[in-house]
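# how would this look folded up:
(one chain, ligands or ions: 1)
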Amino acid sequence: MIKKVGFIGLGIMGLPMSQNLMDAGYELTVFDVVAEQVARAAAYGATAAATPKEVGANSEVIITMLPDSPIVEAVLEGPEGALVGMTPGSILVDMSTISPSAAIKIAARLKEKGMHMIDAPVSGGDVGAQEASLSIMAGGDPEVFAKVKPILSKMGQNVSLVGGNGAGQVSKACNQIIVGLGIAAVAEALVFAKKSGVDPAKVRSALLGGFAQSRVLELHGQRMLDRNFEPGGKVRLHKKDTEIAVEAAKELGMYLPGNALLSQLWNSVAGMGGLDWDHSSIVKCIEQLTSVEVTPGE
Ligand code: NAD
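This next block holds a predicted model:
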């Protein structure tokens, strides 16, 4: 039974996920470049490490929850990287959202060293991370997945192995296409209601329960009405996820028109200075082009 778990990346998602593991009785060794986040995890009972290498040396399973592929690779490689501390047989579970090709490359690198890798990105946002109700979509070897599934089950409710390494990240890219276009659709609908002189808050309530019902309409629709663009899921990260799908589509030689449009909407929010806003802020682009603001009332 695995007891010693390492956790690198204690941000909006990683900190509550690490706390759920401690609640479940796992012994955690943690690292983040932001000392304040490490202090929060340590106050909850984790052992603070000075480097990723130290996390690797103290853990049977190392979880990473980091912004993007270059940062995941930087944390693994180099003289203070996690790979130097990890021993053959240990398992890296990368729960960050990175490209499928980067996940496959990292898995191959670990295999060379007699180590294992599972890509296990998540969906469910900060609320799902806090409530341990994330959907976790994994890629990797079934025997290795079976070893880490009890750990993943303490952070999420719907934990599935989709295929080999990279398949978890392909699933996550699919998830982000649906969620991103869903946010854009909700934004467009609420702006349309407002411009038509109909209360967008009443439209949202009327649609919940019908065929347009979704978590996006429920949560992000409410955020748009409340003008609450505190993240949550940052534009910076969803923009990266959309670009992952755009790049993969280029490599696959395929048509991904909705996702391409989404990419332009993120560029526009970025141009408004919104990279660190919640991704529901996509509504601001559509509002600006329409000269209305989605606030409750006609
Ligand atoms: P975040 O920016 O809040 O957290 C990232 C953490 O990584 C920060 O604490 C940062 O200090 C740390 N970090 C950065 N560079 C580091 C390094 N070199 N070494 C150690 N730590 C480092 O991001 P988040 O929202 O927690 O997202 C993390 C990952 O989860 C991303 O890949 C994101 O796409 C994905 N994700 C986010 C959400 C969401 O709603 N926030 C939902 C699903 C998936």
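
# gap between the residue of the chain found nearest the ligand and residue 103?
Residue nearest to the ligand within the chain: residue 11 (1.8 Å; Cβ to the nearest ligand atom). Just so you know, the C-beta spots here come from the backbone N, C-alpha and C atoms, and that holds for glycine as well. For residue 11, the distance to residue 103 equals 19 Å [Cβ to Cβ, to the nearest Å].

# So between the two, which is more surrounded?
Legend: neighbour count by other Cβ atoms under 10 Å for residue 11 and residue 103, higher for residue 103 (29 against 19).

# In three-state terms, label that one for me.
helix (DSSP: H, G, I helix; E, B strand; the rest coil).

# What residue, apart from its backbone neighbours, is nearest residue 241 spatially?
In space, and not counting its chain neighbours, residue 241 is closest to residue 176: 4.0 Å by Cβ to Cβ, 6 or more residues apart in numbering.

# Please tell me I have it right and that neighbour contacts residue 121.
No: assessed by Cβ atoms under 8 Å, residue 176 is found out of contact with residue 121, at 9.3 Å.

# and for the two, which residues touch both?
residue 97 (Cβ atoms under 8 Å, 6 or more residues apart in numbering).

# how long is stretch 243-260 end to end?
One end of stretch 243-260 to the other measures 9 Å (Cα to Cα, to the nearest Å).

# just the strands in the stretch 51-200 of the chain please.
Here the stretch 51-200 of the chain has its strands, by DSSP state E, counting those that start in this stretch, at 61-64, 91-94, 116-119, 122-123, 134-139, 156-163.

# Tabulate those in JSON lines, adding columns for mean neighbour count.
Formatted as JSON lines, the strands of the stretch 51-200 of the chain follow (neighbours: other Cβ atoms under 10 Å):
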{"stretch": "strand 61-64", "mean neighbour count": "27"}
{"stretch": "strand 91-94", "mean neighbour count": "28"}
{"stretch": "strand 116-119", "mean neighbour count": "26"}
{"stretch": "strand 122-123", "mean neighbour count": "24"}
{"stretch": "strand 134-139", "mean neighbour count": "25"}
{"stretch": "strand 156-163", "mean neighbour count": "18"}
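
# Put together TSV for those strands, with mean pLDDT and distance to the ligand on each row.
Below are the strands of the stretch 51-200 of the chain laid out as TSV (pLDDT from 0 to 100; distance: least, Cβ to the nearest ligand atom, whole Å):
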stretch	mean pLDDT	distance to the ligand
strand 61-64	98	8
strand 91-94	98	9
strand 116-119	98	11
strand 122-123	96	5
strand 134-139	98	8
strand 156-163	98	11
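
# which bits of the stretch 51-200 of the chain sit near the ligand?
65, 66, 67, 71, 74, 75, 96, 97, 122, 123, 125, 126 (Cβ under 6 Å from any ligand atom).

# Need phi/psi at the first one.
Pointing back at residue 65 there. phi -140, psi 80 (degrees, to the nearest 10).

# picking up where we left off before, residue contacts, the residue nearest to residue 241?
Contacts of residue 176 (Cβ under 8 Å, 6+ apart): 97, 238, 241, 242, 244, 245.

# so what's the first one closest to, chain neighbours aside?
If you skip the residues right next to it in sequence, residue 97 has residue 121 as its closest partner in space, 4.8 Å away by Cβ to Cβ, 6+ apart.

# From what I see, the one you found and residue 137 are in contact.
Yes: assessed by Cβ under 8 Å, residue 121 is found in contact with residue 137 at 6.2 Å.

# Between the two, which contacts overlap?
Common neighbours of residue 121 and residue 137 (Cβ under 8 Å, 6+ apart) are 168, 171, 172.

# ok, those vs residue 32, which is closest?
Nearest to residue 32 out of those is residue 172 (Cβ to Cβ; 21.8 Å).

# Run a quick neighbour tally on the nearest residue to that closest one once chain neighbours are set aside.
In space, and not counting its chain neighbours, residue 172 is closest to residue 121: 3.8 Å by Cβ to Cβ, 6+ apart. Residues lying near residue 121 (other Cβ under 10 Å) number 26.

# ok, now residue 13?
Using other Cβ under 10 Å, residue 13 has 25 neighbouring residues.

# Please apply the same query to residue 143.
Using other Cβ under 10 Å, the number of residues around residue 143 comes to 8.

# before we move on, back to that, okay, and which of the shared contacts of residue 121 and residue 137 map to helices?
When the shared contacts of residue 121 and residue 137 are checked against helices (DSSP state H), the matches are 168, 171, 172.

# sorry, back to before: including neighbour count and pLDDT, could the shared contacts of residue 121 and residue 137 go into CSV?
Shown next, in CSV, are those (neighbours: other Cβ atoms under 10 Å; pLDDT from 0 to 100):
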residue, neighbour count, pLDDT
168, 30, 98
171, 22, 98
172, 30, 98
